[in-house]
Structure formats: C-alpha cells, structure tokens
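S.K.: Provided below for reference: sequence and predicted model.
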Amino acid sequence: MNRALGRFEDVVWVIGDGRSGSSWFADLLAGTLGYRQLYEPFHPYMVEQFHGFALNQYQARGSSNERLREELARVFEGRINHPRVNSRAEGLLFDGLVVKDVFASLFAAWAIENFPAVKPVLILRNPFAVALSKSRHANYAWNRGPGELLQQSELAERHLRDDAGFLREIEERGDPLLNHVAVWAILHAVLFRQFAPGELHIATYEGALRDPDAEMQAALAFLGKDSDGLKIPARLLGRTALHSEESSVRAARETQGGGWKSQITSEQVWAGNLILARFGLDGLYVDDEPSPDLTRIAASLWRPPSEGQA
C-alpha cells in the first residue's frame, strides 16, 4: 500500500561501521520523519538475498554488478520483506524510507551512482570507541582484521596496494583493538575517497549524544527538510538501540562517548594513531571529540575519477 501510494520515493540511507551508533541515530531519524526503517538489509549472513557477498563488500564506481544493483533496487524501493529487516518498522503508513546498514561503506558511492535519488548519511564515531566495543562483542559478525579486507583483490589493488605490508604487520601484532582500528581506517578512507564534497552528510555519535536536536537539524538540512514542526520523539531519546546493552549506552551518554580513554593503554592509542595517520584520518578526532574541521578533512580525501581509482 505504501509503495502504491508513492510513499517510499524519499529514501535516506544511514551507513556507518558497526558499534558506531548508527542504529540509535537511524531510530531518531525514522521517528522524526515518520519513515519506515529497514534495519541492515545488506547483511550477507543474516539476509538471504545478500548471501555470497563479503562483509564490507567493495564495489568500485563505474563498475558493473547486476546482482547487487537488482537487490539494492528491491531495498531502496521498499520491496524487501524480511523479519529482521522489518524489526524497526513502526506503524502502517510512512512518508519515506530510512535504510540503515553497517556493511555498506565500501560500495556506498557505487550505490549512490546507481541510485542518485538516495540520500546518504554517515554516522561517525571515534575509532577507539568503536574498536573497543567490537573487541567486546567478538561473537558478532565483524571483519576481524585488515587481512580479511586484503583478500578482496580489487579493493587491495585499487586502495591498499601501498599499505598491504603495513596492514599485515599490524595484524601480526595480534591486538584485536588495533585490528579493529585498522579496519575502521580502511572503511572510512575508502569511503571518503569515493564521495565528492557535499555528496555525503556526516553526523557524529558524540555530537548526537551531546546535542541530538542540533545533529538532527543538520541532517534534515542536508535532506532538504524544513525542520519546523519536526521534533525528535522524546520516547526515542532514552531508548536503547537494537543490540546495545543498557549499561554500555548509559555509560556512553554519561561520558558523552569518551569512556574508552580509561580502558585502553597509551601504547594502543599511540599505535592506533599511527594507523589513522597512515590513511589521513588522524585529524578527524581531537582526543575524543570530533574535529571542527571534520567535514573538510573528509572532503580532502576525495579522489576525482580523473585523478585516482575509485
């Protein structure tokens, strides 16, 4: 009925690494806009339509992947029907779609190239906080280290050729936290290289914790929405996101995202910052706070198709 009424023509795609706060922000966005939420449709282990794809599947701009295009069309048109994907849909009538994914960073620019009406929003969280949370959820589906991403030959050739030895040395150290920092660096560096300035809105988890209304207003402006009359439902601000523990969420809110600092060593911070610097990402966060120049730094990594590989 929603499709027949044309209510799924407006599509927002919330992407981010796992444990980045994307579920919480997608809840806020869908509730504020009155949109149907599709929860992680591109999960190659949980959603049958995407079986056979890699975790964090890479797809270069300008390339062809008809199966991926067809399956994404089903998602962005609201034609997918799956219990897990529909688990965050509330109500019967909607004004659009919020699609939320944590394994889409490496093909997101290709997808927007093929579906230009879809509006992408990235949720960014401090890489050390993400790595620490992933390390504590070792039973979840994650890329355990950069070696798994190096196995994707096209990704390795186009983006990681000069860094392969460095990344293998990191993995050989056997520190799960540093492995997750390296994965975070790859995902975000490749993402920023493929999006031209202004094509992607970046929201931060830390900013949303500190001032959810301001972070939401910035996202709505990118989406071309008049924020007058659009307010985050109060019931969602305190709600725990799916697959998040109440205790960890409460701690993150109390520290506004900075609780990781007391839980990792100075040596890990030093080594992690070397990894981030290798990919030009060390300036995104200053200590535990998003840099005021975050958007500019991300945009500076863009590689125009005529100047670099997609």
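M.R.: The structure has been received and is ready for your questions. All values derive from a computational prediction rather than experimental measurement.
S.K.: Okay, P305 and A299: tell me how far apart.
M.R.: Using Cβ to Cβ, to the nearest Å, P305 is found at 16 Å from A299. C-beta coordinates here come from the backbone N, C-alpha and C atoms, glycine included.
S.K.: Sketch out the strands for the stretch 201-310 of the chain, chain order is fine.
M.R.: With DSSP state E, counting those that start in this stretch as the criterion, the stretch 201-310 of the chain has strands at 201-204, 285-286, 289-290.
S.K.: Who does the longest one pair with, and is each partner parallel or antiparallel?
M.R.: Which is strand 201-204. Strand 201-204 sits in its sheet next to strand 119-124 (parallel), going by DSSP bridges.
S.K.: Grab the CA positions of the helix or strand following the partner strand and hand them over as CSV.
M.R.: As assigned by DSSP states H and E, the chain's next helix or strand after strand 119-124 is helix 127-136. Extracted C-alpha coordinates of helix 127-136, given in CSV (Å, rounded to 0.1, in the frame of the first residue of the first chain):
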residue,chain,number,x,y,z
PRO,A,127,37.6,4.7,16.1
PHE,A,128,39.0,3.7,19.5
ALA,A,129,35.5,3.6,21.0
VAL,A,130,34.3,1.5,18.0
ALA,A,131,37.3,-0.8,18.3
LEU,A,132,36.8,-1.3,22.0
SER,A,133,33.1,-2.1,21.6
LYS,A,134,33.8,-4.6,18.7
SER,A,135,36.5,-6.3,20.8
ARG,A,136,33.9,-6.9,23.5
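S.K.: so how far is helix 127-136 off the chain centroid?
M.R.: Computed by Cα atoms, centre = their mean, to the nearest Å, the chain-centroid distance of helix 127-136 equals 14 Å.
S.K.: by how many degrees do that helix and strand 119-124 diverge?
M.R.: Helix 127-136 and strand 119-124 are oriented at 80 degrees to each other (axes from the mean of the first three to the mean of the last three Cα atoms, to 10 degrees).
S.K.: Contacts for helix 127-136 next, please.
M.R.: The contact list for helix 127-136 (Cβ atoms under 8 Å, 6 or more residues apart in numbering) reads 17-20, 140, 142, 176-181, 184-185, 205, 248, 252, 257-261, 263-264, 268-269, 272, 276, 281, 285, 288.
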